[in-house]
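Participant: sequence plus predicted model, see below.
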Amino acid sequence: MAKKIRELIDDLKRGGFVNRGVQGSHRNFSHPGGTKITLSGNPSHDAKKHQERDVEKAIREVTDFLKLWNGQNRISAMWGYAQV
């Protein structure tokens, strides 16, 4: 069964994305890590497959970025560099 747009919005918010604004039925989300995604549709409507796939991809990009970032900070601490 397809997710609702509302569920995709909740997934993005739980992933750390912030709503940058709405233009009509389009919601623009961004993450401090730099990933951006636009989600269109009424919150009560069923999401299309490509929308579900795009949200999953955006969340995966953010988690991969955070894993890399945390790994670099551990390496820097190991070698005595100041963490940013």
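Facilitator: Received it, and whenever you're ready, just let me know what you need.

Participant: the residue most central in space within the chain: what secondary structure?
Facilitator: For the chain, the residue nearest the mean C-alpha position is residue 59 (4.1 Å; C-alpha atoms, centre = their mean). Following DSSP: H, G, I helix; E, B strand; the rest coil, the label given to residue 59 is helix.

Participant: surely it and residue 8 touch.
Facilitator: No - counting by C-beta atoms under 8 Å, residue 59 stays clear of residue 8, with 10.0 Å between them. (Glycine included, C-beta is placed from N, CA and C.)

Participant: contacting residues around the closest residue to residue 59 other than its chain neighbours?
Facilitator: Nearest-residue entry for residue 59: residue 15, 4.4 Å, with adjacent residues in sequence omitted and distances by C-beta to C-beta, 6 or more residues apart in numbering. Contact analysis of residue 15 by C-beta atoms under 8 Å, 6 or more residues apart in numbering lists 31, 58, 59, 62, 63.
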